[in-house]
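Student: Generate coordinates for the sequence data below:
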Amino acid sequence: MATARPRPQVIRLTDAAAGRIRDILARADRPIAGVRIGVKNGGCAGMSYTMEYAAAVAPTDEVVEDKGVRLLVDPKAVLFLLGTEMDFRTEKLSSGFVFNNPNQVSACGCGESVQIKPAEADEVAAG
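Tutor: Numbers count the residues shown, from 1 in each chain. Predicted coordinates for the structure are as follows:
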């Protein structure tokens, strides 16, 4: 009987991103089950990342626990986010979450949208 190969982790957090999410959730005015991450069509490059509070875990969510933070990945986004590292950066004039995504092909000049290709089947199997 063949043993099941462990599933690759869809997304991982840097210490800075995990710390920022923990800070935000600690100040929430209602119970939060996690942060839902996804992608949506739109923007000049074709897609943009989405983040929102989730009151409950949906049955179809890909649940990722990393550094004490629970991320709920929209099932439609899994192949677009596979292998992504989520960071939080503070710069001179701005701060925000940054997605270092190996599936990203290009980004628009304003940084609000990206072009992403889905991960290939052999990349998923190798993960």
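Student: Buried residues, the longest helix anywhere in the chain. List them.
Tutor: Secondary structure of the chain per DSSP state H: the longest helix is helix 15-26. The neighbour-count check on helix 15-26 (16 or more other Cβ atoms under 10 Å) flags Ala16, Ala17, Ala18, Arg20, Ile21 as buried. All C-beta spots, glycine's among them, are computed from the backbone N, C-alpha and C.
Student: What of stretch 25-41?
Tutor: Neighbour-count burial for stretch 25-41, counted by 16+ other Cβ under 10 Å, picks out Ile32, Gly34, Val35, Arg36, Ile37, Gly38, Val39.
Student: May I ask which helix or strand of the chain has the lowest mean pLDDT?
Tutor: Every helix and strand of the chain was ranked by mean pLDDT, DSSP states H and E. The lowest is helix 121-126, at a mean of 50.
Student: ok so, going back, the buried residues of stretch 25-41 in strands, which ones?
Tutor: When DSSP state E defines the strands, the subset of these inside them is Gly34, Val35, Arg36, Ile37, Gly38, Val39.
Student: Can you list the low-confidence ranges for this protein?
Tutor: Scanning the chain for pLDDT under 70 picks out 1-7, 45, 108-115, 121-127.
Student: now the strands for the chain?
Tutor: Assigned by DSSP E, the chain shows strands spanning 11-13, 34-41, 47-54, 62-66, 69-73, 84-90, 95-100, 104-107, 114-116.
Student: Just the angle for the third one relative to strand 69-73, thanks.
Tutor: Put simply, strand 47-54 runs at 130 degrees to strand 69-73, going by axes from the mean of the first three to the mean of the last three Cα atoms, to 10 degrees.
Student: do you know how far the residue nearest to the spatial centre of the chain is from Thr60?
Tutor: In the chain, the residue lying closest to the centroid (Cα atoms, centre = their mean) is Ile37, at 4.8 Å. According to Cβ to Cβ, to the nearest Å, Ile37 stands 14 Å off from Thr60.
Student: cool, Thr90 as well?
Tutor: Counting by Cβ to Cβ, the separation of Thr90 from Thr60 is 34 Å.
Student: partners of Gly38 in the sheet?
Tutor: For Gly38, the beta-bridge partners are Thr50 (DSSP bridges).
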